[in-house]
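> Mind folding the following:
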Amino acid sequence: MVSSKHPSAPGGHANRNVALLRGVNVGGNNKVPMASLRELMHELGYEDVRTHLQSGNAVFSAPGTPPEQAAHEIEQQLARRLGLNVRVLVRTREELERVVAANPLAEAVSEPARLLVNFLSAAPDPQRLRELDPADFEPDVFGVGEREIYVWCPEGVRATKLSYAFWEKRLGVTVTARNWNTVTRLLDLTAEQPEG
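Numbers count the residues shown, from 1 in each chain. Down below sits the predicted model:
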């Protein structure tokens, strides 16, 4: 039975959020069927849950629940239901709109599969960023957002040194990456009217 903890609110997509699960369904680790993800999020009382691809992306409504709380609840439910220790980052529709609008590497959008957005659990430490020499990573280029690192990988995302694991180690935060196609599709999904 679905909880009523998060009551419905008028306003269409005003309360839409995106959950980004870190490192699921990659290389045989942390298998999370998207049907199970939808089910456990419904059990938490979240509404209009839709998943995208198999890499742990869910769009949902949670009126009155701060993003950090939603992320924590989903993490706990993944551990309880599936026995998995998976970090989750949640962004509101408004935050995702800002991520797209503030892209400092807009010229790279022409090849969206080679443009990554690394979502961070906290704003990056400016001092740690200053210690990086962009020349060390050429031909890859990176740009910094509020809680995002954008990376253009002209030779492909698999070849980049600037992976989410690199950013986690250098910045000391949780990071999960999505390519530009996925980011913009998730934003589109937050704008679509819920089914039913």
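> other SSEs contacting whichever strand or helix holds residue 48?
For residue 48, the host element (DSSP states H and E) is strand 47-51. Using 3 or more CB pairs under 8 Å, 6 or more residues apart in numbering; DSSP states H and E as the contact test, the elements touching strand 47-51 are helix 34-43, strand 57-61. To be clear about C-beta, it is placed using only N, CA and C from the backbone, and glycine gets the same treatment.
> Put the alpha carbons of the longest helix seen in the chain into PDB.
Among the segments of the chain that qualify as a helix by DSSP state H, the longest is helix 67-82. Listed next in PDB are the C-alpha coordinates belonging to helix 67-82 (Å, rounded to 0.1, in the frame of the first residue of the first chain):
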ATOM      1  CA  PRO A  67      15.900  16.900  -1.700                       C
ATOM      2  CA  GLU A  68      18.500  15.900   0.900                       C
ATOM      3  CA  GLN A  69      15.800  14.100   2.900                       C
ATOM      4  CA  ALA A  70      14.400  12.300  -0.200                       C
ATOM      5  CA  ALA A  71      18.000  11.100  -1.100                       C
ATOM      6  CA  HIS A  72      18.500   9.800   2.400                       C
ATOM      7  CA  GLU A  73      15.100   8.000   2.400                       C
ATOM      8  CA  ILE A  74      15.800   6.300  -0.900                       C
ATOM      9  CA  GLU A  75      19.300   5.200   0.200                       C
ATOM     10  CA  GLN A  76      17.800   3.700   3.400                       C
ATOM     11  CA  GLN A  77      15.100   1.900   1.400                       C
ATOM     12  CA  LEU A  78      17.700   0.500  -1.100                       C
ATOM     13  CA  ALA A  79      19.600  -0.900   1.800                       C
ATOM     14  CA  ARG A  80      16.500  -2.300   3.500                       C
ATOM     15  CA  ARG A  81      14.800  -3.800   0.400                       C
ATOM     16  CA  LEU A  82      17.800  -4.800  -1.700                       C
END
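> From residue 33, how far off is the nearest residue to residue 47 once chain neighbours are set aside?
On the basis of CB to CB, 6 or more residues apart in numbering, the spatially nearest residue to residue 47 that is not a chain neighbour turns out to be residue 61, at 4.4 Å. Here the criterion is CB to CB, to the nearest Å. By it, residue 61 lies 22 Å from residue 33.
> higher neighbour count, these two?
Set side by side, residue 61 and residue 33 show more neighbours around residue 61, with 22 against 13, by other CB atoms under 10 Å.
> Give me the pLDDT for that one.
As summarised for this prediction, residue 61 has a pLDDT of 96.
> Same check on residue 26?
Looking at residue 26, its pLDDT is 67.
> One more: the one 3 residues further on?
We note a pLDDT of 74 for residue 29 in this prediction.
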